[in-house]
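Peer 1: pasted the sequence and its predicted model underneath.
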Amino acid sequence: MAPRLALQHTYSQARNAFLQAADSAGATVQTFLHPLTGPEGEQLSIDVAELGNRNATEAVLVVSGTHGVEGYCGSALQTQWLRECSASSLANKRVVLVHGFNPFGFAWVRRVNEDNVDLNRNFINWNDALPQNAEYTSIAELIVPRENSEAEQQRTIGELLRIAGEWGMDRMQAVVSSGQYEHSTGVFYGGSGPVWSHKWMREWTAQAFTGVQHLSVIDLHTGLGPSGYGELISHVSKVDAEYQRATAMWGEVRSMVDGESVSATLTGDWLGVTEELWPHAEVTAVALEFGTVDPISVLLALRADAWLHGYGDPRSEGAVAVRNQVRAAFADDNPEWIEKCWQRFSSVMSGCEK
């Protein structure tokens with residue numbers, strides 16, 4: 001017998017399952033086409049499913065696929081929620097599910113988008129000077145070396161491990177993952193301007209939730225923390241009113257800016273501009289991060305992917321092995337893993353009813 005809940009194998013399969021579940025649940029669906037296609041020429045899009053009372057003053061927004069490949073988990077959770085949701089519980093609430101915020105990365109099994117941009121580093125104020133990350137620059141050629149020989153791989157990995165030993169893993173994680181804006185073929189690259197998904201979010205939010213007074217936002221992620229554990233991460237300090245609302249709603253929430261979280265403090269994350277996107281509403285936003293594998297395995301997968309798309313051939317035979325490596329780092333196909341994620345996600349969604 002097939003497991004009750006499982007990850008889909010491709011973006012198209014995940015999208016179709018989501019749309020079928022949305023249709024069965026009676027959701028209203030909007031589709032926003034991406035200008036590019038997937039590896040098999042398949043259509044890419046952001047799909048938005050909405051249920052509940054359109055005039056409700058309270059709403060919940062759940063977003064999957066901000067980091068492409070992480071959408072395999074997020075999509076499975078959104079789809080299962082649609083299959084199990086009860087219309088009677090939504091009489092006074094709206095629930096909106098954004099599926100595949102970064103559809104290109106989702107389809108190509110990448111964390112980043114079509115521009116090698118980390119969407120969650122792209123929401124800076126582009127009128128200001130670009131944030132600087134000199135420490136990343138000092139190790140940029142070690143993170144993603146131009147040469148892919150075995151000798152160069154061993155040399156650069158060894159050097160990175162040596163530096164990590166000197167700096168400590170917390171500092172190394174912060175330097176590598178907080179965001180950088182100079183190395184377009186590197187990892188955690190924030191871009192040179194607003195990318196397609198960023199622009200879409202700005203345009204969509206101009207008409208979304210106009211009558212809502214209280215908005216809860218849950219952004220689904222994978223790749224950090226103990227396997228299967230879902231950490232709720234706030235982008236504000238513990239002294240902030242939004243953090244207090246989040247803990248009242250969900251219990252334990254960890255602030256990345258106060259150093260509590262598995263995540264380093266990020267530059268340009270989209271949850272950091274939710275109050276700007278919906279200035280009329282009281283917004284309570286969290287990332288829900290599900291752990292997968294160890295940080296070194298995650299970094300090795302990301303650098304293999306960055307090299308492939310920066311210096312290699314994404315359509316070569318070797319590209320399949322890289323995509324498999326990236327998927328293994330961010331999407332655990334063990335049914336027990338996604339079941340743990342589902343139980344945690346269910347409890348978080350229940351917390352939105354408090």
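Peer 2: Yes, it's here.

Peer 1: got the contact list for Q8?
Peer 2: By CB atoms under 8 Å, 6 or more residues apart in numbering, the contact set of Q8 is 14, 17, 72, 75-76. Every C-beta, even on glycine, is put in place using the N, C-alpha and C of the backbone.

Peer 1: element containing it?
Peer 2: Taking DSSP states H and E as the definition, one finds Q8 inside no helix or strand.

Peer 1: please apply the same query to Q343.
Peer 2: Assigned by DSSP H and E, Q343 falls in helix 335-351.

Peer 1: equivalent analysis for S45, please.
Peer 2: With DSSP H and E as the test, S45 turns up in strand 43-52.

Peer 1: could you dump the next helix or strand along the chain from that strand to PDB, C-alpha only?
Peer 2: Sequence-wise, the next helix or strand downstream of strand 43-52 (DSSP H and E) is strand 58-63. The C-alpha coordinates for strand 58-63 follow below in PDB (Å, rounded to 0.1, in the frame of the first residue of the first chain):
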ATOM      1  CA  GLU A  58      -8.400  37.200   9.700                       C
ATOM      2  CA  ALA A  59      -6.300  35.300   7.200                       C
ATOM      3  CA  VAL A  60      -3.500  32.700   6.900                       C
ATOM      4  CA  LEU A  61      -1.000  32.700   4.100                       C
ATOM      5  CA  VAL A  62       1.200  29.600   3.600                       C
ATOM      6  CA  VAL A  63       4.000  29.800   1.000                       C
END
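
Peer 1: pLDDT averaged over strand 58-63 - what is it?
Peer 2: Mean pLDDT, computed over strand 58-63, is 96.

Peer 1: could you do stretch 103-121 as well?
Peer 2: Mean pLDDT, stretch 103-121: 98.

Peer 1: Q244 - how many residues pack around it?
Peer 2: Per other CB atoms under 10 Å, the neighbour tally for Q244 reads 15.

Peer 1: what residue ranges in the stretch 1-150 of the chain are flagged as low confidence?
Peer 2: 1-3, 87-88 (pLDDT under 70).

Peer 1: rerun at 80
Peer 2: Along the stretch 1-150 of the chain, the parts satisfying pLDDT under 80 run over 1-4, 86-89, 91.

Peer 1: ok, now the stretch 201-350 of the chain?
Peer 2: For the stretch 201-350 of the chain, no range has pLDDT under 80.

Peer 1: and the helices in it, which stretches?
Peer 2: With DSSP state H, counting those that start in this stretch as the criterion, the stretch 201-350 of the chain has helices at 241-250, 274-277, 295-311, 317-330, 335-351.

Peer 1: if we can go back for a sec, looking at the contacts of Q8, which is nearest S347?
Peer 2: The closest of the contacts of Q8 to S347 turns out to be A76 (CB to CB; 16.3 Å).

Peer 1: got phi/psi on that closest one?
Peer 2: With angles defined as degrees, to the nearest 10, A76 sits at phi -60, psi -40.

Peer 1: ok, it touching I338?
Peer 2: Yes. The criterion here is CB atoms under 8 Å, and A76 meets it with I338 at 5.8 Å.

Peer 1: give the residues shared as contacts by these two.
Peer 2: With CB under 8 Å, 6+ apart as the test, A76 and I338 both reach 5-7.

Peer 1: export the contacts of Q8 to JSON lines and append columns for neighbour count and distance to H309.
Peer 2: Below are the contacts of Q8 laid out as JSON lines (neighbours: other CB atoms under 10 Å; distance: CB to CB, whole Å):
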{"residue": "A14", "neighbour count": "26", "distance to H309": "21"}
{"residue": "A17", "neighbour count": "20", "distance to H309": "27"}
{"residue": "Y72", "neighbour count": "26", "distance to H309": "19"}
{"residue": "S75", "neighbour count": "28", "distance to H309": "22"}
{"residue": "A76", "neighbour count": "24", "distance to H309": "25"}
